[in-house]
Every structure is written in C-alpha cells, then in structure tokens.
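J.: sharing a model that was predicted from the sequence below.
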Amino acid sequence: MAKSVGHDYNEEFDYLSLKTNHPLSEALDTHGDGESLAKVGSAPARELIGAALNKRVQGVDPHDCEAGAEDAFFVADLGEVYRQHVRWTKHLKRVTPHFAVKCNPDPMVIRLLAALGTGFDCASKAEIEQVLSLGVHPSRIIYAQPCKTTSYLRYTAKQNVTQMTFDNSDELYKIKQIFPHAELYLRIFTDDSASMCRLSQKFGARMENTKQLLTLAKTLGLNVAGVAFHVGSGASDPEAFLRAVRDARAVFDQAAELGFNLHTLDVGGGFCSETFEDMAAVLGRALDDYFPPHIRIIAEPGRYYTSSAFTIACNVIARRTVEDPEAGSKSYMLYLNDGVYGNFSSIMFDHQHPVPQVLSTKRKPDGYKYCTDLAIEYSIWGPTCDGIDCIAPKWTSAETLDIGDWLYFEDMGAYTKCSATRFNGFTDQHDTIYVSSEPGTMEVVGM
Ligand SMILES: Cc1ncc(COP(=O)(O)O)c(C=O)c1O
C-alpha cells in the first residue's frame, strides 16, 4: 500500500476530538457518555412529540377555522438529531460528518449541527449561502456536486469555499478556468445496487478512467486533494463501503504515482439509522485497513441525521365511502391535506412508504397511539387532482376516521419538505414545531 506523502492533517483530527469535548457538547451531554444518551431515546421523546402534536390539533377546529389553519405541520425533535450525532462520534470516531443539507435544510437542524461542529455538504449556491450565513467557516463546507453550475462556481471561489468534487474532464476544464486553486476530490463510481436511491448511474468516474482524469488534472496544474464516493442513499450492503474504500485506495496510489499528495477521503452518505452500527463497523475497519491515520476522513450523511427527528400531522379533509354490495363490504378513501406533491414527495423521489397512525378522532380527541386492531379498510390520498397522489393504497385501522380527524406519520425528516411543490395551489410552507428530548439543544439553537 503506497502511502500518500506530505501534509499533516492532525489539525483536523484535533478538531474532531475537540468536537466531542466542545463546551456545547458538554452543555448538551447531560447523560454523560454517548451510550446512555442513545438509550434515553424513544419513550420520553415520543411522549414529548405526542404532546406537541396534540396541543396543536386541539387548538384547531377544522370545521370552524381560518382557511389553511388546519394545514399539515411537523414536530421536530432536535434532541434526536443530537443523539444521532453522539452515536456517530462514538461509532465513526475517525470520520468528520458533513451534513448533506439537501436532505433537510431546516434552519434549526443546520444551526444545531453547526454548533456541534459538523461540516456541511452543499449542492448549490443557496445551500452554501444558508450555511455561511450562520458564520460557519468556508473550510467546513464541501461543494459535493461533480457537475457544477458555472456561476455558482464563481460564487464559491468568491466565498473561498475551496473543497469540491469532480468526476469528468469537462468539469476539470471548467474549474481550471474559474477556480484553479480549488481543492478537488475525485468522485469514483460505486456498486450501489443494494441502495434505495442509486446515484452512480449519474455520477462517479469509472476505475478505468481515474488515471486519465488525474493525468489531465496534473497537466492543467490543478490541486487534487482527495477521493470521494457515495454508495447510494439508503444503502443496505455494508460490503459496498468496503469495496468503495478499496477502490479509493487504488486511486490514492495512482495519484501518488503522478506526484499528487492526496490527504482526504470522503466516504459520502448512504447511512440509515436502522443499520448504522453494522455499516459503521465495516466502514471503520476498512478505513483502518486501507488508510493510515494521517489521512483525513470525512462523510456526507443526510438521512441518518434527520429522518427519525421529524413527525408530520395531516388533517382528513374529505372522505369517500366505497360500498361493494356484492361483497357486502365497505371501505373508505381518506383525502389528506398533504400528499406526494407536498411533504410526501419522499414516496416518489425517495422510495419511502410512510406509515399512517391515528393522532386524533372525534371519538378520541387525544388518541395519540398505535392502532393494533385491524378492522376498517382505508386508502389514503393527497389533496391534488392527480390520481398518482396516493400516500397509502391500503391501510387498516380499528378507528373510524372522518372529516376533520388527524393522522400522523413518523420518520418524515429526510427528503420530504425540501422536495415539496405547490402543485394545485397547495402550500409548500408547513409549520415546524420544535421540541427537544435532550436538555440544552433548544438553547443552542437560540429558542
Ligand atoms: C453527493 C451526496 N452526498 C450526500 C448525500 C446524502 O445521502 P444520504 O442522505 O443517503 O446520507 C447525497 C444524497 O443524494 C448526495 O447526492
């Protein structure tokens, strides 16, 4: 294994260890170590979220309110974001997370993560602007878009956001012209066949092309500083990380032969809360096997940080009774005030299957609970005129749901609000009520 030369990035690693001893972290970590903190999670958090949901819906009478007062709304638990961060630093100590803003650019989430010391993966001018506006240093941002808008590239040069990815020769010529001193990470192709959202069909240089790209970068006098990959969003095969790390190692070696001094590996996103420890174990081992400690390792997690932190409540705006006299059956179509053109865009773009749960019915005004008795059959639809606007084609509940009742959906914090549209004139601006199941986080974000 060839070692990459020069550059002492210990400064970065000091920064990482500083992060967990950061005064803010101390203020927040009321439970001592990360482990006990992670265990606190669910029960008190669910109660807190339930209370916030109920308080809001009890203050709205859909039969007598201002137009739009019954709109769907989120409850965000910032304590959950904080717990995910603690979990990350425990299991991937060596890897500095750069939160993928595209996943959920919620201002309080960004503020909290900025205070916790993460970096940020930005895909556009607006995302870079949002992060910089919080006083985050440009060196904590990576413009992780291999095919950049030329005018945005001029903007990043002006803002001194130097880290960025590339994966093709045309981009290298563009960068040479506009930002020749940028720090470049060569994004490589991965086997993302076991991921929910495949990205390598669009991005990533094939291994057979990497040498040619590095040679061109050398000829142009550009500064290639590292390698990046993404195993696909919603990854399920930990071995994909191992394979990608091995390929990245090969590119580091190619680069060294050409006289580059690569110092950073960016392992991208793809992490899910449910499988995080398994993924982290394989990735952590691969990193230690293939990359010596002086190589800086960063990542671009999105979904992992925010998915479980957001719950949405939606109102039943209409109901259609469907009777089948031959079968003697009766079912209902429920129409909600949010759907696939809104915050449930994750159904279309992110392959999600949000699970409806009853928040409150006329019969049970505070019935925030899981329904286990399977009885009445429903299908659940969004508010637009389009037939594809379906949230759940089949759902059963013991509750009789009617117009004005409320449903809620958990795990709605990734690739939801950020890809909502205003199709049919419905709003894409839904309120978020912030709570925190970890003391200290609200103060950190100034609430
Ligand atoms: C370049 C890049 N980095 C990071 C992410 C975040 O991925 P995830 O939410 O799976 O962690 C994405 C998602 O599309 C991406 O395209």
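T.: Everything's here; your move.
J.: and this structure, which of its residues are near the ligand?
T.: When proximity is defined by CB under 6 Å from any ligand atom, the chain lies next to the ligand at 100, 103, 121, 144, 199, 230, 233, 268-271, 300-304. Every residue, glycine included, has its C-beta placed from N, CA and C.
J.: who wins on neighbours among those residues?
T.: Highest neighbour count within the residues of the chain next to the ligand, by other CB atoms under 10 Å: G270, with 33 neighbours.
J.: contact partners for that residue?
T.: G270 makes contacts with 192, 195, 230-235, 240-241, 279, as judged by CB atoms under 8 Å, 6 or more residues apart in numbering.
J.: ditto for D431
T.: 71, 73-74.
J.: next, the residue in the stretch 151-300 of the chain positioned nearest to the ligand: secondary structure please.
T.: Relative to the ligand, the nearest point of the stretch 151-300 of the chain is G269 (2.4 Å; CB to the nearest ligand atom). Three-state call for G269 (DSSP: H, G, I helix; E, B strand; the rest coil): coil.
J.: that one contacts S307, correct?
T.: No: contact between G269 and S307 fails when scored by CB atoms under 8 Å: they sit 11.8 Å apart.
J.: ok, back up a step: please flag which of the contacts of G270 sit within strands.
T.: Judged by DSSP state E, the contacts of G270 include 195, 233-235 as members of strands.
J.: grab the nearest non-local neighbour of V322.
T.: Using CB to CB, 6 or more residues apart in numbering and skipping residues adjacent in sequence, the residue nearest V322 is S331, 5.0 Å away.
J.: still on that earlier bit, which of the residues of the chain next to the ligand scores worst on pLDDT?
T.: When those are compared by pLDDT, S233 scores lowest at 88.
J.: so the residue nearest to V322 makes contact with E377?
T.: Yes: shown here, S331 and E377 form a contact pair, counting by CB under 8 Å, at 4.1 Å.
J.: A414 against R303, yeah?
T.: Yes: using CB under 8 Å, A414 is in contact with R303, at 4.1 Å.
J.: next, show the common contact partners of the two.
T.: Common contact partners of A414 and R303 (CB under 8 Å, 6+ apart): C103.
J.: quick one: mean pLDDT for the strand ranked longest in the chain?
T.: Taking DSSP E as the criterion, the chain has its longest strand at strand 310-324. Per-region confidence: strand 310-324 scores 96 on mean pLDDT.
J.: next helix or strand past it?
T.: strand 329-336 (DSSP states H and E).
J.: send the alpha carbons of the next helix or strand after that next one over as PDB?
T.: The helix or strand immediately downstream of strand 329-336 is helix 345-349, counting by DSSP H and E. C-alpha atoms of helix 345-349 as PDB (Å, rounded to 0.1, in the frame of the first residue of the first chain):
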ATOM      1  CA  SER A 345     -42.700  13.700  -2.200                       C
ATOM      2  CA  SER A 346     -40.400  11.000  -0.500                       C
ATOM      3  CA  ILE A 347     -42.800   8.400  -1.800                       C
ATOM      4  CA  MET A 348     -41.900   9.300  -5.400                       C
ATOM      5  CA  PHE A 349     -38.300  10.500  -5.100                       C
END
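J.: need the contact list for the residue of the stretch 51-200 of the chain found nearest the ligand.
T.: Residue nearest to the ligand within the stretch 51-200 of the chain: A100 (3.5 Å; CB to the nearest ligand atom). A100 makes contact with 121, 123, 144, 269, 300-302, according to CB under 8 Å, 6+ apart.
J.: just V435 next, same as before
T.: V435 is in contact with 48-49, 52, 75-79, counting by CB under 8 Å, 6+ apart.
J.: give me the subset of the residues you listed lying in helices.
T.: Mapping these onto helices (DSSP state H) picks out 48-49, 52, 78-79.
J.: thank you kindly, that will do.
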